[in-house]
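*Asks:* let's see this in three dimensions:
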Amino acid sequence: MRAAIQHRYGPPEVLSIENRPRPEPGRGQLRVRISHSTVTSGDARIRGFRVDPLFRLPMRLFFGFRRPRHPVPGMEFAGVIDEIGPGVTGWHIGQRVFGLVLHGANAEWLVLPADAVMAPIPDGVSDAAAAATPFGALHAWGFLHDVARAQPGERVLMLGASGALGVFAVQFARRAGLRVTALCSAGNMDMLRDLGADTVLDRATTSISDLPDRADILLDLFGGADPVPWRAALTPTGRHVQVVFGARDLGLMAWRKLAGGPALRCALVNGTAAGLRDIAALLGQGAIRPVIDRVLPLEEIAAAHALVDSGRKRGAVVLAL
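*Replies:* Next up is the predicted model:
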């Protein structure tokens with residue numbers, strides 16, 4: 001099978017396409033013939049090993065100390081089940097599915113446990129749209145509801161709202177009855193209005209003092225917003241949620257718990273199969289939708305990673321296999 005391969009950490013050029021043996025499912029596993037995958041911001045960070053010094057050792061131990069332990073990258077996938085191992089129930093050959101894994105999705109076939117974070121693709125939803133959904137939707141839902149604990153009527157300010165997490169965070173916030181203000185580049189303002197943002201501001205020309213109201217929730221969906229000055233954008237009981245964080249952020253989070261005022265919340269979010277099935281239902285109803293920046297062939301995976309690294313993509317970057 002064709003697969004993207006990464007033999008070392010580094011820039012997008014470390015990726016290449018190689019032929020690998022087609023994997024066979026064992027007991028409790030099934031195999032998916034992948035039609036579409038993606039390159040997420042998480043894929044790009046792992047490829048370049050861009051992590052805070054606090055996490056470098058545990059991340060090296062988990063992902064591979066000198067080189068990636070699992071050389072095939074890719075977290076999101078959509079395709080068709082073409083083989084089922086012994087002991088698997090609840091799935092059938094020919095079933096269209098999509099899901100989220102830690103690695104291995106940038107290949108023509110993927111073997112995974114039958115209880116993985118996976119769901120049937122609803123009728124009327126394309127494989128490309130399905131593949132572009134799990135990472136952004138599951139994380140956006142988790143950060144908005146489980147970490148920020150958003151309540152109807154609250155005001156949420158989103159930074160990085162045009163990325164894969166942001167486009168779903170805007171839609172989930174509107175469904176939850178929140179008032180959404182999004183900061184983004186000028187070229188993405190109309191898209192975010194179309195997704196439901198109440199107020200959209202150009203990040204290049206807007207300062208913290210220009211914001212119309214203080215927010216109850218600040219969602220930094222891209223990473224890099226200094227919590228100290230952005231505290232002024234929050235109400236006294238507000239919550240600043242950091243999707244990407246480091247040692248300094250954890251220290252500030254502990255200090256604010258003691259000092260009071262707007263809170264800083266840093267957390268990891270894990271999606272579940274049940275959560276993805278709920279998201280699949282919303283996709284099938286047309287209640288939410290992904291945004292796809294572009295669809296590239298697997299052979300252009302280095303270019304896809306370069307686009308993600310640029311920070312200028314709109315929604316998801318999809319790979320067609």
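
*Asks:* roughly how far apart are the spatially closest residue to residue 221 that is not a sequence neighbour and residue 314?
*Replies:* Distances taken as Cβ to Cβ, 6 or more residues apart in numbering put residue 160 closest to residue 221, at 3.8 Å, once the chain neighbours are dropped. To be clear about C-beta, it is placed using only N, CA and C from the backbone, and glycine gets the same treatment. Relative to residue 314, residue 160 is positioned 12 Å away (criterion: Cβ to Cβ, to the nearest Å).

*Asks:* those two: who's more crowded?
*Replies:* Here residue 160 and residue 314 are compared on neighbour count by other Cβ atoms under 10 Å; more neighbours surround residue 160, at 24 against 20.

*Asks:* residues touching that one, list them.
*Replies:* For residue 160, the contacting residues are 166, 184, 220, 221, 222, 223, by Cβ atoms under 8 Å, 6 or more residues apart in numbering.

*Asks:* ok, now residue 297?
*Replies:* Neighbour list for residue 297: 319, 320 [criterion: Cβ under 8 Å, 6+ apart].

*Asks:* burial check on the closest residue to residue 182 other than its chain neighbours, number of neighbours?
*Replies:* Once flanking residues are discounted, residue 182 sits nearest to residue 161: 3.8 Å by Cβ to Cβ, 6+ apart. For residue 161, the number of neighbouring residues by other Cβ under 10 Å comes to 29.

*Asks:* residues contacting residue 161?
*Replies:* If a contact means Cβ under 8 Å, 6+ apart, then residue 161 has 167, 169, 170, 182, 183, 184, 188, 192, 197, 221 as its contacts.

*Asks:* ok, so of those residues, who is nearest residue 298?
*Replies:* Sorting the contacts of residue 161 by distance to residue 298 puts residue 167 at the head of the list, at 23.5 Å, by Cβ to Cβ.

*Asks:* what helix or strand does that closest one sit in?
*Replies:* For residue 167, the enclosing helix or strand under DSSP states H and E is helix 164-175.

*Asks:* for the record, mean pLDDT for that helix?
*Replies:* Averaged over helix 164-175, pLDDT sits at 97.

*Asks:* please, which helix or strand holds residue 235?
*Replies:* With elements delineated by DSSP H and E, residue 235 resides in strand 234-242, which encompasses its position.

*Asks:* what segments of the stretch 151-300 of the chain are strands?
*Replies:* 155-159, 179-184, 199-202, 215-220, 234-242, 263-266, 292-297 (DSSP state E, counting those that start in this stretch).

*Asks:* any chance of a markdown table for the ones you listed, columns distance to residue 79 and mean pLDDT?
*Replies:* As requested, the strands of the stretch 151-300 of the chain are exported to a markdown table (distance: least, Cβ to Cβ, whole Å; pLDDT from 0 to 100):
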| stretch | distance to residue 79 | mean pLDDT |
| --- | --- | --- |
| strand 155-159 | 31 | 97 |
| strand 179-184 | 32 | 95 |
| strand 199-202 | 35 | 94 |
| strand 215-220 | 31 | 96 |
| strand 234-242 | 33 | 95 |
| strand 263-266 | 34 | 93 |
| strand 292-297 | 15 | 98 |
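
*Asks:* returning to what we had before: output the contacts of residue 160 as CSV; include the columns distance to residue 73.
*Replies:* Compiled in CSV, those are given as follows (distance: Cβ to Cβ, whole Å):
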residue, distance to residue 73
166, 22
184, 27
220, 25
221, 21
222, 21
223, 20
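
*Asks:* give the helix, strand or coil label for residue 317.
*Replies:* At residue 317, secondary structure determined by DSSP: H, G, I helix; E, B strand; the rest coil is strand.
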